[in-house]
Every structure is written in C-alpha cells, then in structure tokens.
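>>> Sequence and predicted structure are below.
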Amino acid sequence: MTPPAKSRRFRVALSFPGEHRPRVEKIAEALAVPLRRDEILYDRWYDAEFAKPHLGVSLPKLYRDESHLSVVFLCKEYEKDWCGLEWRALLDLIKRKEYDRLMLLRLDGIRPKAREHFAKADTLVQETGYHRRDPDLAELRPLCT
C-alpha cells in the first residue's frame, strides 16, 4: 500500500541516466530553492544511502512509495539497468492509474527501442502530461508550490 502524500519522504524524485547528470543537477539545484534538499530525491545528495548493498531492492521503493512526484527524463540512455529498476517501480504507479505522480520528459528526439515498456510510455501522452520537448526549469517550478 502506498503511503499518503503527507507521509512520503520526498516531494520530487528525479530519475535519469548519468549521461545527463549536468543538466539534471541544474534542475535539482533550482528545485532546491523553493524546496529543501531533503525533499528532493537526487542521487548525489544521498551518497551514503545509495552505497548500500541492497540498493536494487530499496531504490524502487523510494520512487514508488516514498516520492510524491517522480520526474522521469526519458532518452536513449535511459535503457540502462539502474534506470530500468526505477522505471519498473514507476510502471506500478501507471498500473494503479496514479498519473498525477509522474512527469515524463524526453531529453532527446530518440525513442528508446530496447524495452517494450518504453514504447508504452508514448501511449501515455494524454493521460500523464508527457512532454515531447526538452524540459524547462519554468515547467518544474510550479510543482514546488
């Protein structure tokens, strides 16, 4: 069972491949102005927690159960194993029709092909507010109020 929003640890969780870290880090820092860092799940701010040997078990729970909103930066590099762990947790939200807890953003014009569930992401355009253009910090700021 998913905890109620008020009891979730994070207001925003960022899911992205490491190749886009410089850009996502700027977004995380911008979000930390209206929010506190401890309300944002950005991996570099939780190095000790992410160094645990069972991260493959605990990481999906952070996105699925402990975050109010997960911002997913889709791109060809998102097909990596670690992003796949996060994505499977986020698919649970989709299955439960908790679309308001997801923001899907595409960082490039390439459609990931390696996994069937990435193709399913394109079918969620109307239901989830999936953005087909590069994210802008102005789009994310209203989420912090």
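Received it, and whenever you're ready, just let me know what you need.
>>> Residue ranges in the protein under the pLDDT threshold?
Applying pLDDT under 70 to the chain flags the ranges 1-6, 109-145.
>>> hmm, 90 instead?
1-7, 18-19, 49-60, 72-92, 94-97, 99, 104-145 (pLDDT under 90).
>>> Any buried residues in the helix ranked longest in the chain, and which?
For the chain, the helix that runs over the most residues, judged by DSSP state H, is helix 81-95. Going by neighbour count (16 or more other CB atoms under 10 Å), the buried part of helix 81-95 is 83-87, 89-91, 93-94. Every residue, glycine included, has its C-beta placed from N, CA and C.
>>> For the residue in the chain sticking out farthest from the centre, which three-state class applies?
Computed with CA atoms, centre = their mean, the residue of the chain farthest from its C-alpha average is residue 53, at 21.6 Å. In the three-state summary, residue 53 is assigned as coil, counting by DSSP: H, G, I helix; E, B strand; the rest coil.
>>> how far away is it from residue 79?
Using CB to CB, to the nearest Å, we find residue 53 at a distance of 24 Å from residue 79.
>>> Contacts for the longest strand seen in the chain, please.
Taking DSSP state E as the criterion, the chain has its longest strand at strand 67-74. With contacts defined as CB atoms under 8 Å, 6 or more residues apart in numbering, strand 67-74 is touched by 5, 8-17, 20, 24, 27, 41, 63, 78, 86-87, 90, 93, 100-107, 112, 118, 121, 135, 140, 143.
>>> let's see it at 7 Å
When contacts are taken as CB atoms under 7 Å, 6 or more residues apart in numbering, the neighbours of strand 67-74 outside the stretch itself are 5, 8, 10-16, 20, 24, 41, 63, 90, 101-107, 112, 121, 140, 143.
>>> And these, which of them are buried?
With neighbours counted using 16+ other CB under 10 Å, the contacts of strand 67-74 contain these buried positions: 8, 10-16, 20, 24, 41, 63, 90, 101-107, 112, 121, 140.
>>> re earlier: what are the buried residues along the longest strand of the chain?
Counting neighbours by 16+ other CB under 10 Å, one finds that the buried residues in strand 67-74 are 67-74.
>>> With respect to residue 31, which of those residues is nearest?
Relative to residue 31, the closest of these is residue 71; by CB to CB it sits at 9.0 Å.
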